[in-house]
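Peer 1: below: sequence and its predicted model.
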Amino acid sequence: QVQLVESGGGLVQAGGSLRLSCAASGRSFNDHSMGWFRQAPGKEREFVAALTWNGGRTLYAESVEGRFTISRDNAESLVFLQMNSLKPEDTAVYYCASHFPGHTLVTKADEYNYWGQGTQVTVSS
């Protein structure tokens, strides 16, 4: 089992940056691929980014490609989402999630095994 806790959310002006962190505990973190999702009020949860167990491959939603970067530090059991050039439409609760096996990249929320509680990101115009 993997427990996930997100942090780093907050209020930022459009054009600014934030770095989200996801701390994992429990065994098998290094066996999982990791993803970030977000959910805005009244909308479905949507895929943002994912990376494989060793960070060798990444995948991004078209809406964040070139602005967001996902990374991980397996020694510290951490996953990051660096968000630059933020837009008001990026406002949402951001969740990290884990998927097994770790060599696959998936974009569907129901294929992820474990989820964090989420962290709020608000981008003002």
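Peer 2: Structure's in. What do you need? Owing to the predicted nature of the structure, the values given are computational and were not obtained by experimental measurement.

Peer 1: give me the element the closest residue to Y60 other than its chain neighbours is part of.
Peer 2: Once flanking residues are discounted, Y60 sits nearest to A49: 4.9 Å by Cβ to Cβ, 6 or more residues apart in numbering. In short, each C-beta sits where N, CA and C put it, glycine included. Following DSSP states H and E, one finds A49 within strand 46-51.

Peer 1: how about that strand: buried residues?
Peer 2: F47, V48, A49, A50, L51 (16 or more other Cβ atoms under 10 Å).

Peer 1: which of the residues you listed sits closest to G16?
Peer 2: Of all those, G16 sits closest to V48, with 17.3 Å by Cβ to Cβ.

Peer 1: the residue nearest to Y60 and F29, how far apart?
Peer 2: Distance, A49 to F29, using Cβ to Cβ, to the nearest Å: 17 Å.

Peer 1: is the most centrally placed residue in the chain bridged to anything, and to what?
Peer 2: Nearest to the mean C-alpha position of the chain, counting by Cα atoms, centre = their mean, stands W36 at 2.2 Å. Bridge pairing for W36 (DSSP bridges) gives the partners A49, C96.

Peer 1: so who does it touch?
Peer 2: With contact set as Cβ atoms under 8 Å, 6 or more residues apart in numbering, W36 has these partners: L20, C22, V48, A49, A50, I70, V79, L81, Y94, Y95, C96, A97.

Peer 1: that older thread, what's in contact with whichever helix or strand comes after the strand holding A49?
Peer 2: Using DSSP H and E, the helix or strand that follows strand 46-51 in sequence is strand 58-60. For strand 58-60, contacts defined as Cβ under 8 Å, 6+ apart pick out V48, A49, A50, L51, T52, F68, I70, L105, T107.

Peer 1: how deep is G15 tucked in, by neighbour count?
Peer 2: 11 (other Cβ atoms under 10 Å).

Peer 1: look at it and give its secondary structure.
Peer 2: Classification of G15 using DSSP: H, G, I helix; E, B strand; the rest coil returns coil.

Peer 1: let me see the confidence value for the residue nearest to it when sequence neighbours are not counted.
Peer 2: Among residues not flanking G15 along the chain, S85 sits closest, at 6.2 Å (Cβ to Cβ, 6+ apart). Among the per-residue scores, S85 holds a pLDDT of 98.
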